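Visitor: Compute the structure for the input listed below.
(chains A, B and C)
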Amino acid sequence: MPELPEVETMRRGIAHLAGLRIEGVSFPRHTARPIVTQPAPACLRRRLAGRTIAAVHRFGKRVAIELDVAPRDAGGWLVIEPRMTGLMLVADPPSPAHVRMELRLASRRHPRLIFWDRRGLGTIRLLDAASLAAACGPARLGPDGLAVTADQLGGHLGRSRRAIKVALLDQRAVAGIGNIYAAEILFAAAVDPRAPCRRLRLGDWERIAAATRSILAAAVALEGSSIGDETYRTADNRSGRFQLQHRVYGRAGAACRECGAPIVRIVQGQRSTFFCRGCQWQPRR
DNA sequence: CGTTCAACCTGGGCGC
DNA sequence: TGCGCCCAGGTTGAAC
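Guide: Just a heads-up that it's a prediction; the model follows:
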């Protein structure tokens, strides 16, 4: 679920909590295996209680809550990675059973912040500045998708033999693109997802970079994509609306809105790729 | 260097 | 109704 637009919407939906003090922390649900936290929940609870939210940031597909200065460096960054089904919520969760962490806040209007995760693949980590730099710095995350340039994309991927669709999911090349937006970006750029990166020319990279910025920005403006029933929700429990703009993702067999040809689904890197054979082209050699 | 596979989890949808 | 499969927005590490 959460790719850059959804995580950015989460960030915006909880940014107003800056300035509030964390009064208590609970980890209510333990199923077969609890989600990954670092450090362990009991220790995390001690280190978070009493601290104040300074600001809320986003690094790629991660939400990073900056805390006030730690008394004895307890780590100043609470980094949450929603993975497939994680949500940051100030509203009631879709189901109480999958609340993984609840921060109780010193505010009557905003009494809590919840991390909810049905599948439980998400992670919660409290990091110091050095660990944050290692986890979210340029070695791990490339330029943000909202601002990536053709030079950056082509420079990083231009000599790769990988298919462009697979390469766009590489977070070191560009941060924030996931399976939905990779498909939508390549449709907007009119590039065949199977095209090897090394075959792409400058004009292709320019269209891909421009489509990356514009598709992600449009999706942020519509608060992300909500597909199916129990799926992505904003922090105050509303649906995103960008799914109404999808041109290829999830539309296998349906007619392309541009040319009428059927959208096809293939598998690349063990994940579904959707594209239109009529509108998306391999570069000519 | 690149690809493939399994693993981590829960739940919806489908065919039989 | 139930069972067994396939599918799902992500990431990581091992094996080849």
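Visitor: Please give me every residue in contact with the residue in chain A that DNA strand C sits nearest to.
Guide: Ranking the residues of chain A by distance to DNA strand C (Cβ to the nearest atom of the strand) places A:Gly178 first, at 1.8 Å. In this view, the C-beta of every residue, glycine as well, is placed from N, C-alpha and C. Going by Cβ atoms under 8 Å, 6 or more residues apart in numbering, A:Gly178 touches A:Pro2, A:Glu3, A:Leu4, A:Lys61, A:Leu169.
Visitor: Export these to JSON lines and append columns for pLDDT and neighbour count.
Guide: JSON lines is the format used below for those (pLDDT from 0 to 100; neighbours: other Cβ atoms under 10 Å):
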{"residue": "A:Pro2", "pLDDT": "95", "neighbour count": "26"}
{"residue": "A:Glu3", "pLDDT": "97", "neighbour count": "24"}
{"residue": "A:Leu4", "pLDDT": "98", "neighbour count": "26"}
{"residue": "A:Lys61", "pLDDT": "98", "neighbour count": "23"}
{"residue": "A:Leu169", "pLDDT": "97", "neighbour count": "18"}
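Visitor: which of the residues you listed are close to DNA strand C?
Guide: A:Pro2, A:Glu3, A:Lys61, A:Leu169 (Cβ under 7 Å from any atom of the strand).
Visitor: Narrow those to those in helices?
Guide: If you go by DSSP state H, the ones next to DNA strand C among the contacts of A:Gly178 have nothing in helices.
Visitor: Dump the residues you listed to CSV, plus distance to A:Cys197.
Guide: Conversion of these to CSV gives the following (distance: Cβ to Cβ, whole Å):
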residue, distance to A:Cys197
A:Pro2, 26
A:Glu3, 20
A:Lys61, 22
A:Leu169, 12
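Visitor: So which of the residues you listed is the closest to A:Leu89?
Guide: A:Pro2 (12.4 Å; Cβ to Cβ).
Visitor: Show the contacting residues for the nearest residue to that closest one once chain neighbours are set aside.
Guide: Leaving aside its sequence neighbours, A:Pro2 sits nearest to A:Pro82 (Cβ to Cβ, 6 or more residues apart in numbering; 4.3 Å). The contact partners of A:Pro82, taken as Cβ under 8 Å, 6+ apart, are A:Met1, A:Pro2, A:Glu6, A:Val7, A:Met10, A:Lys61, A:Arg62, A:Val63, A:Met88, A:Phe115, A:Asp117, A:Gly122.
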